[in-house]
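S.K.: What would the 3D arrangement of this be:
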Amino acid sequence: MIAAAGRSATWLLPGERREWVEALWAEAHEVPPGLARLAWRAGGIWMLAREGLMPRRLGRAVVFAVAAAAAAWVAWPDSSILHAAADQFGVIATVLMLAGMPLLARRLFGPVGDSRTARFVRVGGYAAILALIPARAVVGPYPLNVPRQGPDLRVFIADGNSTHGLPGTSAGGPPWSGEIFFLILTACYVVTILWLTSRRASAAPATLAAGTGVGIVFGLVMYVVAPLGLTQYATNPWLPGWRVDPFVALAWVLLFGGPVVAGVLAARWYCRRPGGSVKLAQARAGQGIVAGVLANLVGALFVTVLGTGTAALAIEAPGLRPLVFHAPHASEAAAYGHVLHASQHIQMYVVMCVIFPVIGLMMSGTGMACFMPVPRESGPQPDGGGGPPGPGPEPAPEPPPPGGRLADTEDRVPAFS
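M.R.: Prediction:
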């Protein structure tokens, strides 16, 4: 068991130190069995701890452990509700995935990039996903929480939810299928973020900065347009009527044009020299596509966290509902109806998280093809007819005879003499 733990722990080490520790661990068989071999392996474990758990890395691990524990504690559902097992599985699986993915990514993709931008993107993505865990735990079960009495119960029944249980009961959050789908979607986002910020991806700091900057702007605009989901009751309580129309138009422009802008900026910042070889142009196109996908991915994740967090805040703090809906004179029943409809349609953010990166991939690829075309190789090109190759180059002329004149120059007469 100790040997297996030691071999597994070598994954925590950098590549240049992993072989050395494996060789040191293999030499344990040359030590006499008993306390001597046990002491040798104990020293190896201590060396692994010193190499793998450096003070800075240990500090980051402690911060993540505290944040993950707090998110899980807030999101942990009551075991009495119907879908408590699915909700508990979602919380545990998400935390374990966030903890284990960096170790696997370090093995497959290499360590995080050297730039501060790469670390910012990785830390920001993890913080957003951790914040989404308790927000979903609050918003998900809310449409199935039957009010005990009063106007809220009448609004709940009028909305067609009278068959979901007795007053004061709850059916919980989404079923197993919904939790598994969201877990797979979260895994895709985590793997994408870890890959783009790794050294093996070779994403330039300017590429990450362009994609992240455009994505944050896009997410803020989408949050202004849809702070509580995409429904007629809670689409935009802050800018009703025509006031939200400019932001809606800007959101459409950023959805399709933002990846193009981020891609062109990343491609031009990657290498400012005009022209270049085919390999350099292909590298520029790759950087542009990465920036475009990252722009819509960050935008979708940003608006999802902000929108779901706002809905959770409106649920947990009823006194803030007039402020959230900008309706200080609305009744409690009307405010409850708005929150109920918003929590019922909060899954539209999940649709955004699926569709927006795909749109970013297509638009950034189109932008690279239109604005950053790949140059052709220099030199003669083969003809497109598919026939036999043309005649070879003419032979070089013979060297002139002594005296510096060609042999036949005596027979040549100038045309205009």
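
S.K.: Next, the buried residues of the helix ranked longest in the chain.
M.R.: Among the segments of the chain that qualify as a helix by DSSP state H, the longest is helix 278-316. Neighbour counts using 16 or more other Cβ atoms under 10 Å place 281, 283-315 of helix 278-316 among the buried residues. Every C-beta, even on glycine, is put in place using the N, C-alpha and C of the backbone.

S.K.: How about stretch 127-134?
M.R.: Residues of stretch 127-134 classed as buried under the neighbour-count rule (16+ other Cβ under 10 Å) are 128, 129, 130, 131, 132, 133, 134.

S.K.: and residue 366, how many neighbours?
M.R.: Applying the criterion other Cβ atoms under 10 Å, we find 15 residues in the vicinity of residue 366.

S.K.: For it, give me its contacts.
M.R.: Listed by Cβ atoms under 8 Å, 6 or more residues apart in numbering, the contact set of residue 366 reads residue 260.

S.K.: do the same with the one 5 residues further on
M.R.: Residues in contact with residue 371, defined by Cβ under 8 Å, 6+ apart, are 260, 264.

S.K.: now do 10 Å
M.R.: 260, 263, 264, 267, 268, 288 (Cβ atoms under 10 Å, 6 or more residues apart in numbering).

S.K.: Looking at these, which one is closest to residue 347?
M.R.: Comparing the contacts of residue 371 against residue 347 with Cβ to Cβ picks out residue 260 as the nearest, at 28.6 Å.

S.K.: Next one, pLDDT for the spatially closest residue to the closest one that is not a sequence neighbour please.
M.R.: With sequence-adjacent residues excluded and distances taken as Cβ to Cβ, 6 or more residues apart in numbering, residue 260 is closest to residue 367, at 3.5 Å. What the model reports for residue 367 is a pLDDT of 90.

S.K.: What's the mean pLDDT across the longest helix of the chain?
M.R.: Per-region confidence: helix 278-316 scores 91 on mean pLDDT.

S.K.: Packing partners of the helix or strand just after that helix?
M.R.: Scanning the chain past helix 278-316 towards its C-terminal end, the next helix or strand to appear is helix 321-324 (assignment: DSSP states H and E). Packing contacts for helix 321-324, counted by 3 or more Cβ pairs under 10 Å, 6 or more residues apart in numbering; DSSP states H and E, involve helix 278-316, helix 332-344.

S.K.: Can you lay out those helices as a markdown table showing distance to residue 254?
M.R.: As requested, these are arranged in a markdown table below (distance: least, Cβ to Cβ, whole Å):
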| stretch | distance to residue 254 |
| --- | --- |
| helix 278-316 | 7 |
| helix 332-344 | 23 |
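
S.K.: Which other helices and strands does the strand or helix carrying residue 86 contact?
M.R.: Per DSSP H and E: residue 86 is located in helix 84-108. Packing partners of helix 84-108 (3+ Cβ pairs under 10 Å, 6+ apart): helix 15-26, helix 55-75, helix 116-139, helix 176-196.

S.K.: Return the member of these having the minimum mean pLDDT.
M.R.: Set side by side, the helices and strands packed on helix 84-108 give their lowest mean pLDDT on helix 15-26, at a mean of 59.

S.K.: quick one, what contacts the residue nearest to residue 260?
M.R.: For residue 367, the residues meeting the contact criterion (Cβ under 10 Å, 6+ apart) are 256-257, 259-264, 267, 285, 288-289, 291-292.

S.K.: and of these, the nearest to residue 113?
M.R.: Within the contacts of residue 367, proximity to residue 113 (Cβ to Cβ) peaks at residue 291, which comes in at 14.5 Å.

S.K.: residues contacting the closest one?
M.R.: Neighbouring residues of residue 291 by Cβ under 10 Å, 6+ apart: 196, 203-204, 206-215, 258-267, 269-270, 360, 364, 367-368.

S.K.: try it again with 8 Å
M.R.: 207, 208, 210, 211, 214, 259, 262, 263, 265, 266, 267, 364.

S.K.: Could you find the closest non-adjacent residue to residue 137?
M.R.: For residue 137, the nearest residue in space outside its immediate sequence neighbours is residue 75; the separation is 3.5 Å by Cβ to Cβ, 6+ apart.

S.K.: where does the stretch 101-250 of the chain dip in pLDDT?
M.R.: In the prediction, the stretch 101-250 of the chain carries residues with pLDDT under 70 at positions 148-174, 231-238, 240-241.

S.K.: go again using 90 as the cut-off
M.R.: Within the stretch 101-250 of the chain, the set of residues satisfying pLDDT under 90 comprises 102-115, 136-179, 199-202, 224-248.
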